[in-house]
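1. Sequence first, predicted model second:
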Amino acid sequence: MSVKMSDLTSKELPTWCGGCGDFNILFTMKAALEELGIPRKDTVLVSGIGCGSKLPHFVKTYGFEGLHGRILPVATGIKLGNNKLTVIGVGGDGDAYGIGGNHYFHILRRNVDLTYVVQNNAVYGLTKGQTSPTSEQGFRSPSTPSGVLEEPVNPISSAIINGATYVARGFAYDVHHLKKLIIDGIRHKGFSIIDVFQPCVTYNKINTIQWYKDHIYKLEESGHDPNDRKKALEKAEEWNSKIPIGLFYKTKKPTYEDGLSQVVREPLAKQDISNVDISKILEKLR
Amino acid sequence: MKKILNDLSWKVAGRAGDGILNAGLIMFAKTCVRKGLHVFATAEYPSLIRGGHNHLDVRVRDDDVYAHTKHIDILVALNNESVTKHQDKVTEGGAIIYDGKTIQLDDLKKNVNYYDIPLEKIAEKSGGKIMKNTVAIGATFALLDSDLKELNKVIKDTFARKGEKVVDGNINAAKAGFDYLRENFGNEFKMKLENGKAESIFLSGHEAVAIGALKGGCKFFAGYPMTPATSVMHNLAKFEKTHNFVVKHTEDELAAINMAIGANYAGVRSMTATSGGGFCLMSEGLGLAIVTETPLVAVESQRPGPGTGMATHSGQGDLRFMLHASTDEGPRIVIAPKDVDDCFFRTIDAFNIAEKYQTPVIILTDKFLGESYITTSEFDTKKVKIDRGEFAKNPKEGEFNRYQITESGVSPRSVPSQEGGMHVASSYEHDEHGFEREEEDNRIAMHDKRFRKFENMKKELPPPKLEGSKDADVTIIAWGSTYGCVKEAERLLSKDGIKSNHLHIVFASPLHDKEIAEVIKSAKNVVIVENNKTGQLAGIIREQTGLEIKNKILKYDGRAFFPEEIYEKIKGIV
């Protein structure tokens, strides 16, 4: 069954600022889903709260726009409930690495077969411009008028160190490159994280479109071997003058669901619950 | 001397780590169950792995038993503290079994029989020091003029996995204890245990919740350990391979409730469980389930707070929290089961109600109900019905509205993988399709729709029934886990010729205000019994009926009521 871009487009219109990277991420997501051809009814987009988290409204699949920070638990629940579904998380850097940081840490070692696209603009947009976990040290914002004291988190190296099996970074203004990362991430069996540089044209005057263009280069063009964990970590550390995008690391590991014999034959959601036999359990209580 | 037959309160007390809880529960209590008697068992233990004071009460009767008692007929004391702490509660002519080699007694009570048995020495000869509990249990059955037939069977069943040596050791230990008491003390004790005719199952409240969840079609549980709710998770985890059940021990309670919501959204009956502290984190998820109209069952097992409070103790201090948790206003059902049968059947109801009304159901237990064991008749599973509520039939894309405004407030739902049912479930206020909307009219329509469900639930859920005679001298109102203690207190009152009746509230939300008001208005005296400081249910009843219940029997020391306490206070009132 083919999936067409036009079928994926919802009647609801995005409310993002003109020039926002989220438009490109939305387009790329739909393009990726079109190419993958997974029936729309079997796809669930799960988001949290933030500008980018409104994305599920604009794509005609199943969608769940939950609470701020809770994308991964909801997505995990959906996947464990029905492991035949394609479940994709999408949300911002505050959602992923700030309020949802604990969940991020644990999904990495859990390797549930989910894809997580993080719209990383290094600023809180929806709440009007405060610093985010990925803002650069010294970033001045309404909540940090004298500049951020902390160092930014490194979601890429964290992911590699903590057991993620597909770790990539994309750029919202290179949609062809991003589309391949998303497609490969969804096809990857296991947890895939795609951190996407997504310029915020309204609140981030430092990490602008031009700033990214001046700094990024593609791992694919630099001879990087994504199977090499050590090299991947080295690349993840690169920041200042040259910042790599592309696939950092990829490996094969059993997924969380692979360890659940309960769901191998049939997803939980499809199992018959009309008359569960508990007679043996009651017998033991005598 | 005519002996008292089959009416006994037995206590074993010692240090944590001595294995007394398991020995008392598995060997003594279970043996009494197999003897065809009615049994109730409850333990007190501190929040420690080793050391501290542990004790287990086992009440055994010929007919129905509802709770423990304050008095003790036989105390098995495994250290000095066990004697000093509990000997004042031992009845006249009662017994204290202890090991004179390890315990120094100086302040002996008159009218109590002390049985000095070398428990450790006998245990060592039989197979190991750890079996001293078994020796004491053997001695108990000798004291009660009974035999070891059922005990030996229980030992075989329990320890078969551990090998012949452990089985034989325990059988020998029990026999040696039995013989030692017979040979050295004769059988002059005031009580006797004979086999009865009851055919019961014996389980805890949380075991019943777990088995109820399984029978109710739950397939997925996500939770984070927190006493006393952890036993729900442990019990469900046993069903993973036998019943294709998935338990996910999550990173925190935020993940637990959101994961359970995710699985419910995917069409799987799912559940979480925690105590008050964990529910603080879950409050946000409760709101998420309400606004996205996702079914959810959450167990909240109360323990004293605020903050960490008293982890291994009991209370009823979270009722108002459950009624008001999460932002703004939203319908939720709060069920406070009164006993193990309720724990089983109401948990099944909870899953049906959650799906029928597409809203969260909270099962409010506590340490006392959740972790106390009681005999009951085997659950009649023929009564169980699974009602999954309204699903959209052949929804058409473009026409299907997941949040359609309906008269009942319930909109037929679709689940992922269903053709034509695509929609967004949003935690924002939304329109009928699910799109975020902030317009005034839409907000009112959606908020009203959610509340219409609540009104209908109230009509469907059974109102509380007044138990006992209409012309009672006193009407006792209580809720949740205090049911058994109130029943036992009523038994004591009736011995004194005081007629009582009992209105027990199981559905705290929605509350059947009219039915409760009628009972209060027509009662001679009303007393409310609650395991909290401020009388939370009394406050809620006053808020919803305008009627004040002045007589409040409240206890908030972290322990469940003793029936005697309720009885004495009511006597003071009537």
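-> Now that the structure is in, tell me what you want to look at.

2. mind listing what residue 26 touches?
-> Picked chain A for this. Contacts for residue A:26 (CB atoms under 8 Å, 6 or more residues apart in numbering or on different chains) come out as A:14, A:55, A:58-59. Any C-beta I mention is one placed from the backbone N, CA and C, and that applies to glycine too.

3. Chain B, not that one
-> Residue B:26 makes contacts with B:154, B:158, as judged by CB under 8 Å, 6+ apart.

4. isn't there a helix covering it?
-> Yes. Under DSSP: H, G, I helix; E, B strand; the rest coil, residue B:26 sits within a helix.

5. Can you pull the poorly scored residue ranges out of the stretch 1-150 of chain A?
-> A:1 (pLDDT under 70).

6. if we can go back for a sec, okay if I get the contacts of residue A:26 as a markdown table plus distance to residue B:399?
-> Formatted as a markdown table, the contacts of residue A:26 follow (distance: CB to CB, whole Å):
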| residue | distance to residue B:399 |
| --- | --- |
| A:14 | 24 |
| A:55 | 24 |
| A:58 | 20 |
| A:59 | 19 |
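
7. Filter the residues you listed down to the buried ones.
-> Neighbour counting by 16 or more other CB atoms under 10 Å in any protein chain shown classes A:55, A:58-59 among these as buried.

8. and the longest helix along chain A, which residues are buried?
-> When chain A is parsed with DSSP state H, its longest helix is helix A:21-36. Neighbour counts over helix A:21-36 (16+ other CB under 10 Å) mark A:21-34 as buried.

9. Return the alpha-carbon coordinates of that helix using CSV.
-> What follows is helix A:21-36, C-alpha atoms only, in CSV (Å, rounded to 0.1, in the frame of the first residue of the first chain):
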residue,chain,number,x,y,z
GLY,A,21,13.1,24.9,11.3
ASP,A,22,10.0,22.9,12.4
PHE,A,23,8.4,23.5,9.0
ASN,A,24,11.3,21.6,7.4
ILE,A,25,11.2,18.8,10.0
LEU,A,26,7.5,18.4,9.4
PHE,A,27,8.1,18.2,5.6
THR,A,28,10.9,15.8,6.1
MET,A,29,8.9,13.6,8.4
LYS,A,30,6.1,13.3,5.9
ALA,A,31,8.6,12.7,3.1
ALA,A,32,10.2,9.9,5.1
LEU,A,33,6.8,8.3,6.0
GLU,A,34,5.9,8.5,2.3
GLU,A,35,9.1,6.7,1.2
LEU,A,36,8.8,4.1,4.0
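
10. The following helix or strand past that helix near chain B at all?
-> Note on helix A:21-36: by DSSP states H and E, the next helix or strand toward the C-terminus is strand A:43-47. Yes. Strand A:43-47 lies within reach of chain B by CB under 8 Å from any CB of the partner chain, at A:44, A:46.

11. Show me how far strand A:43-47 is from its chain's centre.
-> Relative to its parent chain, strand A:43-47 has a centroid offset of 11 Å by CA atoms, centre = their mean, to the nearest Å.

12. Which residues of the stretch 101-250 of chain A lie near chain B?
-> Within the stretch 101-250 of chain A, the positions near chain B by CB under 8 Å from any CB are A:102-103, A:105-106.

13. how about CSV for the residues you listed, with neighbour count and secondary structure added?
-> Shown next, in CSV, are these (neighbours: other CB atoms under 10 Å in any protein chain shown; DSSP: H, G, I helix; E, B strand; the rest coil):
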residue, neighbour count, secondary structure
A:102, 16, helix
A:103, 28, helix
A:105, 16, helix
A:106, 19, helix
